[in-house]
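In: Structure, please.
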Amino acid sequence: MLQKQPWHKLSQLLGARGVKSDWTGFPEKLLKLTNDLAETHPCSGRCGGYMDVVKHSDGTYVGVCTSGCDKRTLQKKDLIVYSPDFTTIFSGLAQAFSINGAGHTEIDGLPAWQVGEYNPVASYRFPVVAMIEAQTSRIECTISQLAAKYKTPFFVLLPSAPSVTQSVQDVALRNGAKVFAYEDLIEFTNDAIQVRGNAASILSELATGWIKHIDPASGERYPTPPSATWGDIVVEFTANEAVTVSCKNKDHRQYSAEDFQMRDKRTNTKKPTKAWTFLQALALVNGNMTVEDITKVDKTKQEVSAKLKSLFQLTDDPIEWSSEDTAYKAKFIIRGGSKITVAGKRQKTTAA
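Out: Predicted coordinates for the structure are as follows:
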């Protein structure tokens, strides 16, 4: 059975600071000593409040309860203030988003830290923000300010489920954000922070919806890894209107002209567009296509680049122009000209 998660303590204590007895139930491995001594201490009497700490001239400490409970002697070690090891905690949250080696950065003017960016595929990046705030109004205000800052969907992580109120979720939805409690993604078990098993699928499904909302007309998408470049991608014609796509020799997938959004849907025949013909011509010359008059093909080339950037979710142009060679050169590997039909081969391997 999983142990009860301790994250709620982060928002219960003012400034997430307190003496050892304040942190009861919180893992000692996630606490750090500070150089400060507390001026108050939890009262162990009936009141359940706090005692003022009085230091006597002989160096001893006494706790005086403002509710009238008995005075008691305190040891200096009882007054040492502890704070959470945010580096470890936020690193655990970062791991849930597959953010490796990330450091957290306090966001100027806001009670929040950015622990990195979630990069599920290729060029799409979504900021990940952690908070330790419990007050609903401050959380909602911060979400609104973050929306103005990022202007893109983002994640907000709060210490515990009770902080994720319906009103907080409503504000997040209006601002293009998603709020999770720490325990939705990580757990402290076996003396270490571990990512929950279902975290990856939850985040991936949400990011997929965000991406479709950002680019609703993009159609089919290839699962391009975040670290990939055009040079890692191989497009190989297996038939006149079919290709196999892979990246770093993985994720081999079959696509058609329609998947590439290069089929003319306005005609009864639904023939491939000029963009697909351009790709065929590029394959016939293994990605190095001499062009006699760029003005005649540049518009088609721009369409091809836009379709490929959408499919692979990469932002730079996949086909570059070489003025020295007067040729378009593919940054990706494209081949398979021998599989294009005879009719297709009648295309010139140079674009007129």
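
In: And the helices in the protein?
Out: Remark: helices assigned in the chain by DSSP state H are 9-12, 86-96, 136-150, 166-174, 182-185, 199-214, 274-284, 294-312, 342-345.

In: wait, which of those helices is closest to Asp70?
Out: The closest approach between Asp70 and any of the helices of the chain, judged by CB to CB, belongs to helix 9-12 at 25.9 Å. C-beta: built from backbone N, CA, C; applies to glycine.

In: count of neighbours near Asn190?
Out: Neighbours of Asn190 under the rule other CB atoms under 10 Å: 8.

In: Ramachandran coordinates for it?
Out: Per-residue torsions, Asn190: phi 50, psi 40 (degrees, to the nearest 10).

In: Please list all residues in contact with it.
Out: Shown in contact with Asn190 (CB atoms under 8 Å, 6 or more residues apart in numbering): no residues.

In: what about it, distance to Pro27?
Out: To Pro27, Asn190 is 11 Å away according to CB to CB, to the nearest Å.

In: ok, Ile211 - how many residues close by?
Out: Each residue near Ile211 was counted by other CB under 10 Å, and the total is 19.

In: cool, Gly18 as well?
Out: Residues near Gly18, counting by other CB under 10 Å: 23.

In: What of the one 5 residues further on?
Out: Close neighbours of Trp23, defined as other CB under 10 Å, add up to 21.

In: got a list of what Gln313 touches?
Out: Contacts of Gln313 (CB under 8 Å, 6+ apart): Val121, Ala122, Ser123, Tyr124, Ile211, Arg221, Tyr222, Thr224.

In: same thing but at 6 Å, please
Out: Val121, Ala122, Ser123, Thr224 (CB atoms under 6 Å, 6 or more residues apart in numbering).

In: With Ala207 instead?
Out: Counted by CB under 6 Å, 6+ apart, Ala207 has contacts Pro120.

In: quick revisit: and the helices of the chain: which comes nearest Asp36?
Out: Across those, closest to Asp36 is helix 86-96 (CB to CB), at 16.5 Å.

In: What is the distance between that closest one and the centre of its chain?
Out: 13 Å (CA atoms, centre = their mean, to the nearest Å).

In: what do you get for stretch 182-193?
Out: Distance of stretch 182-193 from the chain centroid (CA atoms, centre = their mean) equals 19 Å.

In: tell me the mean pLDDT for that stretch?
Out: Averaged across stretch 182-193, pLDDT comes to 94.

In: Report the buried residues of it.
Out: Tyr182, Glu183, Asp184, Leu185, Ile186, Glu187, Phe188, Ile193 (16 or more other CB atoms under 10 Å).

In: what about the stretch 1-150 of the chain, any weak spots by pLDDT?
Out: 1-4, 101-102 (pLDDT under 70).

In: Roughly how far does Ser91 sit from Asn100?
Out: In terms of CB to CB, Ser91 sits 10 Å off from Asn100.

In: who's the residue at minimal distance from the centre of the chain bridged to?
Out: Taking CA atoms, centre = their mean, the centroid of the chain lies closest to Tyr118, which sits 1.1 Å from it. Counting by DSSP bridges, Tyr118 is bridged to Phe126.

In: From Val129, how far out is it?
Out: Tyr118 is 11 Å from Val129, by CB to CB.

In: Ok, Glu303 next?
Out: Taking CB to CB as the measure, Glu303 falls 38 Å from Val129.

In: between the two, which one's more packed in?
Out: The neighbour count for Glu303 versus Val129, taken as other CB under 10 Å, is higher for Val129 (25 against 16).

In: so the more buried one sits right up against Val115, yeah?
Out: No. Val129 lies out of contact with Val115 (CB atoms under 6 Å); the separation is 7.3 Å.

In: Export the contacts of Gln313 as CSV, with columns for neighbour count and distance to Lys270.
Out: Below are those laid out as CSV (neighbours: other CB atoms under 10 Å; distance: CB to CB, whole Å):
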residue, neighbour count, distance to Lys270
Val121, 20, 29
Ala122, 23, 29
Ser123, 14, 30
Thr224, 23, 27
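
In: out of the residues you listed, who's nearest Ala134?
Out: Closest approach to Ala134 among the contacts of Gln313 (CB to CB): Val121, at 34.3 Å.

In: List the residues that contact the closest one.
Out: For Val121, the contacting residues are Pro223, Thr224, Gln313, by CB under 6 Å, 6+ apart.

In: Just put the residues you listed in CSV and tack on pLDDT and distance to Asn249.
Out: Below are the contacts of Val121 laid out as CSV (pLDDT from 0 to 100; distance: CB to CB, whole Å):
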residue, pLDDT, distance to Asn249
Pro223, 88, 14
Thr224, 92, 14
Gln313, 88, 19
